[in-house]
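K.L.:
this is the structure alone, sequence omitted:
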């Protein structure tokens, strides 16, 4: 049971980390769009 | 008064250094096996000869030092034996690390030089140090015709250097490797991931190997979807993973990431670059249930903000500079953001040619890139640069000091920041962060001056210098086999000092000073 | 009179085609991409690495000795071709098509959209040349290593006694 929860925690940890990277990319994409739209 | 080191000190250093060198020799079994499997006979002999040289040198050194080391241990009083009097202390540990990186550079260069794809042994040393320091600047000639074996070795150096040479050596010689923690710290891994350094090293391996499997699979499949054959796709996948997660930046082909013309592949590499920029201690907490740490942690917050800020500057620079990349959001992302995240995480993958970056990117865009490279990723990750924890500490201290000026009458509560746990913002913490930051800035500046002395312009020189010292690997065109030998040596020094975060380098310098000027 | 007219016409045609399809090197493309952006050029180089087929299109990378440039073309154009690597020289081809400094179709990549791909030199195996000195050195060092190991073992055994 303990082993199962260890594995689950590991998998969720990996998922969390990949989500961080994904969020960063989405935010960057938003920056791209904003910078191209506004006039500087 | 400087005390001259005793013979026993040299013996301790030499004995443990020889073990590290032998461990390095054992890692060459992988490329040797690759050469045997793929029928590359020339590379087989290159690595065989290098391994023989390493074992002869390592065993001789171990033999030479063992006598003094063990007799010294016997001479020490009985009670001292218990507290390991002749086991490595801080000085020994730091020096061992500094020297082992130089030894790795030297021995790692031999097979590269034997391949004939590097114009001189200095070029091969540059490549070797670039690999171990997970930089990624390359002086390879005709990379597109380099053997799989030599290419595998180039990528392995990044994997080994990213984990830490000491960590790798610990894995081979777990028993009888005392003083391990001091050496571990010397490799700029001052975060205790787990209470015991052996367990820390093991955990780092677990994370790296798990992601190696995931990375090879995902990158391999993505490459296959892009039209590559399965065997080559997975070989490329494994190598790209090592270069991305260990934020190294070598690739198997001369066009770097532009070779693949594959947007999906670029995205997957971004994921692994970001993963490689995360503190190993944070990996441990996230993988063992403490997932809220991802949002609370100061480094993760600072990284998010810094990436977006530096990208905004770079994007504005590209737009105002009239770059064609600003004609669409996708282009701005694939060329602007890709180079930026590659620089900020200290990887060095490029989807533009170095010459394009040097000639077509506007000054503002280059400044954004330089700032990103200079800042780096988290501490105790595979990245380089000043690092996010220090930036966070300095920023918090700065805000606090400004508040003191604006609201002098208000009683200030002890400032804290969250890094795994609540940490007090003490003066000595801030001072330590500022000192290392200053050291990096001086190193970046030194390299920039060296570049300018060789005739290059200010921004390109600063760019290349920062790329070397922060172990990034992006190039704006300066790095080439034709550059002056002195500049090559400056960049080698910068890669070495930047990777070890100065302390072990200073300790080594102090040691040599003591040998020359010390009195007994 | 007719001869003068014909040669003048030929000259004009040659000049026109020259202006239309400049033969360039990677050095020229990378040092001044703006000059060739959007123009039809002719580029020669060795196919390196993989031929990446994506449906009806394919990517190849041509290396002319100084740098490699990406070429996007129809999959039919690269049928039967192969790329070079270690111990192999890939097909050396001449491509002709539009050059892009920052291709809008391919996310800003510097590339050539080739209409035609012509093989100049067929691919070939490159013989591995292993220096005999290297082989002898390997054997010699192996000998030294054996000697050293025997010495160390002997010392260890003597100590035990």
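P.N.:
Right, received. Where do you want to start? Please read these numbers as outputs of a predicted model, since none were measured by experiment. Numbers count the residues shown, from 1 in each chain, chains lettered A, B, ... in the order given.

K.L.:
can you give me phi and psi for residue C:112?
P.N.:
Here the main-chain torsion angles of residue C:112 (degrees, to the nearest 10) amount to phi -120, psi 130.

K.L.:
swap in the one 3 residues further on?
P.N.:
Residue C:115 adopts backbone torsions of phi -90, psi -30, taken as degrees, to the nearest 10.

K.L.:
so for it, what's the nearest residue that isn't a sequence neighbour?
P.N.:
Using CB to CB, 6 or more residues apart in numbering or on different chains and skipping the chain neighbours, the partner closest in space to residue C:115 is residue C:97 (4.7 Å). The C-beta positions use only the backbone N, C-alpha and C, and glycine is treated the same way.

K.L.:
surely that neighbour and residue C:112 touch.
P.N.:
Yes: distance between residue C:97 and residue C:112: 5.3 Å, which falls inside the contact criterion (CB atoms under 8 Å).

K.L.:
so between the two, which is more surrounded?
P.N.:
With other CB atoms under 10 Å in any protein chain shown as the criterion, residue C:97 and residue C:112 differ in neighbour count, and residue C:112 comes out ahead with 26 against 21.

K.L.:
list the contacts of the more buried one.
P.N.:
With CB atoms under 8 Å, 6 or more residues apart in numbering or on different chains as the criterion, the residues that contact residue C:112 are C:41, C:43, C:69-72, C:95, C:97-100.

K.L.:
sitting in strands, which of the residues you listed do you find?
P.N.:
Among these, the members falling in strands (DSSP state E) are C:41, C:43, C:69-72, C:95, C:97-100.

K.L.:
can you redo these as a markdown table with pLDDT and distance to residue A:31?
P.N.:
Formatted as a markdown table, the ones in strands among the contacts of residue C:112 follow (pLDDT from 0 to 100; distance: CB to CB, whole Å):
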| residue | pLDDT | distance to residue A:31 |
| --- | --- | --- |
| C:41 | 96 | 35 |
| C:43 | 97 | 36 |
| C:69 | 97 | 30 |
| C:70 | 97 | 27 |
| C:71 | 97 | 32 |
| C:72 | 98 | 29 |
| C:95 | 97 | 37 |
| C:97 | 97 | 34 |
| C:98 | 97 | 31 |
| C:99 | 97 | 30 |
| C:100 | 96 | 25 |
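
K.L.:
out of these, flag the one nearest to chain A.
P.N.:
Within those, the smallest distance to chain A is 19.9 Å, found for residue C:100 (CB to the nearest CB).

K.L.:
nearest spatial neighbour of that closest one, skipping sequence neighbours?
P.N.:
Counting by CB to CB, 6+ apart, the nearest residue to residue C:100 once its immediate chain neighbours are dropped is residue C:111, at 5.5 Å.

K.L.:
excluding chain neighbours, what is closest to the closest residue to chain B within chain C?
P.N.:
Across chain C, the shortest distance to chain B (CB to the nearest CB) belongs to residue C:52, at 3.1 Å. If you skip the residues right next to it in sequence, residue C:52 has residue B:227 as its closest partner in space, 3.1 Å away by CB to CB, 6+ apart.

K.L.:
residue C:24 too?
P.N.:
residue C:41 (5.0 Å).

K.L.:
and if you look at residue B:357?
P.N.:
Closest residue to residue B:357 apart from its sequence neighbours, by CB to CB, 6+ apart: residue B:476 at 4.8 Å.

K.L.:
need the contact list for residue 32.
P.N.:
All of this is about chain A. With contact set as CB under 8 Å, 6+ apart, residue A:32 has these partners: B:315, B:329, B:332-333, B:336-337.

K.L.:
chain B was what I was after
P.N.:
With contact taken as CB under 8 Å, 6+ apart, residue B:32 is in contact with B:44, B:47-48, B:51, B:149.

K.L.:
any idea of the pLDDT on it?
P.N.:
Note on residue B:32: pLDDT of 97.

K.L.:
which strand residues bridge the residue most central in space within chain C?
P.N.:
Geometric centre of chain C, nearest residue: residue C:63, 2.5 Å, by CA atoms, centre = their mean. Partner residues in beta bridges with residue C:63: residue C:46, residue C:68, with DSSP bridges as the criterion.

K.L.:
that one and residue C:25 touch, don't they?
P.N.:
No: with contact defined as CB under 8 Å, residue C:63 does not count as touching residue C:25 (11.3 Å).

K.L.:
can you get me a residue count around residue 31?
P.N.:
No chain was given, so I picked chain A. There are 23 residues near residue A:31, going by other CB under 10 Å.

K.L.:
please go with chain B instead
P.N.:
By other CB under 10 Å, 27 other residues sit near residue B:31.

K.L.:
now that it has come up, it's in contact with residue B:47, right?
P.N.:
Yes: the pair formed by residue B:31 and residue B:47 meets the contact definition of CB under 8 Å, at 5.2 Å.

K.L.:
touching both of the two, which residues are there?
P.N.:
Counting by CB under 8 Å, 6+ apart, the contacts common to residue B:31 and residue B:47 are B:111, B:149, B:153.

K.L.:
tell me who's in contact with the last one.
P.N.:
Okay, so that is residue B:153. By CB under 8 Å, 6+ apart, the contact set of residue B:153 is B:28, B:31, B:47, B:108, B:111-112.

K.L.:
which SS class is residue B:422?
P.N.:
With DSSP: H, G, I helix; E, B strand; the rest coil as the basis, residue B:422 sits in strand.

K.L.:
wait, what's in contact with it?
P.N.:
Going by CB under 8 Å, 6+ apart, residue B:422 touches residue B:416.

K.L.:
dig out what it forms beta bridges with.
P.N.:
Legend: beta-bridge partners of residue B:422 under DSSP bridges are residue B:418.

K.L.:
quick one: it from chain C, how far?
P.N.:
According to CB to the nearest CB, to the nearest Å, residue B:422 and chain C sit 44 Å apart.

K.L.:
so which of the contacts of residue A:32 wins on neighbours?
P.N.:
The member of the contacts of residue A:32 surrounded by the most neighbours (other CB under 10 Å) is residue B:336, with 30 neighbours in all.

K.L.:
can I take it that that one is in a helix?
P.N.:
Yes: assessed with three-state DSSP, residue B:336 lies in a helix.

K.L.:
for chain A, what lies in contact range of chain C?
P.N.:
Applying the criterion CB under 8 Å from any CB of the partner chain, no portion of chain A neighbours chain C.

K.L.:
next to chain B, which bits of chain A? Give me the list.
P.N.:
Counting by CB under 8 Å from any CB, chain A sits next to chain B at A:6, A:9-10, A:12-14, A:16-18, A:20-25, A:27-29, A:31-33, A:35-36, A:40.

K.L.:
weed out the non-buried ones from the residues you listed.
P.N.:
By the neighbour-count criterion of 16 or more other CB atoms under 10 Å in any protein chain shown, the residues of chain A next to chain B include these buried positions: A:9-10, A:13-14, A:16-17, A:20-21, A:24-25, A:28, A:31-32, A:35.

K.L.:
which of these lies closest to chain C?
P.N.:
The nearest member of these to chain C, counting by CB to the nearest CB, is residue A:32 at 12.0 Å.

K.L.:
how close does the closest one sit to residue B:267?
P.N.:
Computed as CB to CB, to the nearest Å, the residue A:32 to residue B:267 distance reads 14 Å.

K.L.:
got the residues of chain B near chain A?
P.N.:
Residues of chain B lying close to chain A (CB under 8 Å from any CB) are B:210, B:214, B:267, B:270-271, B:274-275, B:278, B:283, B:286-289, B:291, B:294, B:300, B:304, B:307-308, B:311-312, B:315-316, B:319-320, B:326, B:328-329, B:332-333, B:336-337, B:341.

K.L.:
taking the residues you listed one by one, which sit in helices?
P.N.:
Applying DSSP state H to those, the entries found in helices are B:210, B:214, B:267, B:270-271, B:274-275, B:283, B:286-287, B:294, B:300, B:304, B:307-308, B:311-312, B:315-316, B:319-320, B:329, B:341.

K.L.:
keep only those of the contacts of residue B:153 that are in helices.
P.N.:
Per DSSP H, helices hold the following members of these: B:31, B:47, B:108, B:111-112.
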